[in-house]
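K.L.:
here is a sequence together with a model predicted from it:
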Amino acid sequence: MSSNTPMNIFDIAGRAMSAQLVRLNATASNMANAGNVTGTAGEAYRAIKPVFESVTDTPGVSTVKVRNVVTTSAEPTKRHDPNHPLADANGDVWEAAVDGNAELIDMIETARMYQNNVQVLNTAKSLMMETIRIGK
């Protein structure tokens, strides 16, 4: 972290939630493009995935950030469909390189991780409120 103040529970959970939001957006983009076809393999959509990096502020205090978003190396699928308007000279079209089942699993996992961090924030808030109540 660039400032001199150490990260607190809200910073840590907030960063984790931001990273999971990037992951969910990538999954949504992949799902939106699943089944799209083009006339060439080079134009076909390929799934994208975020790359996470661990960030350690001080020993024992660590969180995550998104280093970048990369395109997967999965190859599009060639399908013979001579009646499709995008078909090439051989009558082939190329389907997006997206595994819909894997994307659904990724979406569920991402949503659960996001919800876990929401629960961390709610628990921290409840503990702080209880501490304030005890102090009165």
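P.N.:
On my side now, so go ahead. Numbers count the residues shown, from 1 in each chain.
K.L.:
drop to CA atoms for contacts and neighbour counts, all remaining ones
P.N.:
Fine.
K.L.:
which residues in the chain form helices?
P.N.:
Along the chain, the segments classed as helices by DSSP state H run 9-33, 100-135.
K.L.:
show me the shaky parts of this structure.
P.N.:
Regions of the chain meeting the criterion pLDDT under 70 cover residues 1-4.
K.L.:
okay, which residue is most central for this protein?
P.N.:
R23 (0.7 Å; Cα atoms, centre = their mean).
K.L.:
so that residue touches A47, yeah?
P.N.:
No: using Cα atoms under 8 Å, R23 is not in contact with A47; the gap is 11.9 Å.
K.L.:
can you say which of the helices of the chain is packed in most?
P.N.:
Neighbour counts (mean count of other Cα atoms under 10 Å) averaged over each of the helices of the chain peak at helix 9-33, with a mean of 19.
K.L.:
run the chain-centre distance for it.
P.N.:
Its chain's C-alpha centre and that of helix 9-33 lie 5 Å apart, by Cα atoms, centre = their mean, to the nearest Å.
K.L.:
tell me what it is packed against?
P.N.:
Contacts defined by 3 or more Cα pairs under 8 Å, 6 or more residues apart in numbering; DSSP states H and E place helix 9-33 against strand 48-58, strand 61-71, helix 100-135.
K.L.:
need those in TSV with distance to T40, can you?
P.N.:
Shown next, in TSV, are the helices and strands packed on helix 9-33 (distance: least, Cα to Cα, whole Å):
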stretch	distance to T40
strand 48-58	19
strand 61-71	17
helix 100-135	21
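K.L.:
what's in contact with stretch 48-64?
P.N.:
1, 6-7, 12-13, 15-16, 19, 22-23, 26-27, 29-30, 65-72 (Cα atoms under 8 Å, 6 or more residues apart in numbering).
K.L.:
buried residues, it. List them.
P.N.:
In terms of neighbour count (16 or more other Cα atoms under 10 Å), stretch 48-64 has its buried residues at 48-50, 63-64.
K.L.:
next up, the contacts around the residue nearest to the centre of the chain.
P.N.:
Here R23 is in contact with 49-50, 110 (Cα under 8 Å, 6+ apart).
K.L.:
could you check how far it is from A13?
P.N.:
According to Cα to Cα, to the nearest Å, R23 stands 15 Å off from A13.
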